[in-house]
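*Asks:* what's the 3D shape of this:
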Amino acid sequence: MAGGDIGRRPMAEINIVPLVDVVLVLLIIFMVTAPLLQGGLDMKLPKASSTGLDTHEGVVLDVFVDGTMRVAEKPVSIDDLEAALAEAGAGTRPVMVRADARVPYGTVARVLGRVRHAGVTDVGLVTEPEQVVGRRR
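*Replies:* Have a look, this model is predicted:
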C-alpha cells in the first residue's frame, strides 16, 4: 500500500440519526393532520363580501315562523317542497334559504333535508350583516 492509505478501512456503519429525524418529523405531521382529515360537513360555505349576495341569481326559499314556506314567491307546503323546487329550476341554480330568526332549528334542518333530497347541491343561507356596536379600546 502506498504511504497515505495505511490503516484506512472503508466505514461499514450506517448513520441512522438523519433517518430517525425524518421519520419523527413525518410522524408528527401525520399526527397533526389526521384529525383534520376526519369527516366533515358536506356544505358550501358562503364567502363574505361587502356587497352581499344577489338573491336574483338563485331560487329563494322563504321559511316563516308559522311554518309556512314560499318558493319563488309561491306558497308551498313541506310535502310539496321538492316538486316546487324542481318547477323553479333549483337543479341548475343555487337555492337560498331565507328563514326567520325565530324559526326553530329543527324546522330549518328538516327543510334543508328536503332541499338536499330534491337533488339540490348548491344551498346557501341568507342572513343579515351583524351590526357592530361601538368598540371600546
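
*Asks:* from here on, contacts and neighbour counts on C-alpha atoms
*Replies:* Fine.

*Asks:* quick one: the strands in the chain?
*Replies:* Using DSSP state E, the strands of the chain run over 59-63, 69-71, 74-76, 95-99, 123-125.

*Asks:* residues near residue 84, how many?
*Replies:* Residue 84: 20 surrounding residues under other Cα atoms under 10 Å.

*Asks:* would you turn the strands of the chain into CSV with mean pLDDT?
*Replies:* Formatted as CSV, those follow (pLDDT from 0 to 100):
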stretch, mean pLDDT
strand 59-63, 87
strand 69-71, 88
strand 74-76, 89
strand 95-99, 86
strand 123-125, 83
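
*Asks:* Let's have these in JSON lines, adding distance to residue 31 and mean neighbour count.
*Replies:* Shown next, in JSON lines, are the strands of the chain (distance: least, Cα to Cα, whole Å; neighbours: other Cα atoms under 10 Å):
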{"stretch": "strand 59-63", "distance to residue 31": "43", "mean neighbour count": "22"}
{"stretch": "strand 69-71", "distance to residue 31": "46", "mean neighbour count": "20"}
{"stretch": "strand 74-76", "distance to residue 31": "49", "mean neighbour count": "15"}
{"stretch": "strand 95-99", "distance to residue 31": "38", "mean neighbour count": "23"}
{"stretch": "strand 123-125", "distance to residue 31": "33", "mean neighbour count": "18"}
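
*Asks:* right, and the ones you listed - which one's nearest residue 11?
*Replies:* strand 123-125 (65.7 Å; Cα to Cα).

*Asks:* check contacts around residue 128.
*Replies:* If you count contacts by Cα atoms under 8 Å, 6 or more residues apart in numbering, residue 128 has none.

*Asks:* distance of it from residue 98?
*Replies:* 10 Å (Cα to Cα, to the nearest Å).

*Asks:* Then residue 110?
*Replies:* 14 Å.

*Asks:* and residue 10, which of the strands of the chain is closest to it?
*Replies:* Of all the strands of the chain, it is strand 123-125 that lies closest to residue 10, at 68.3 Å by Cα to Cα.
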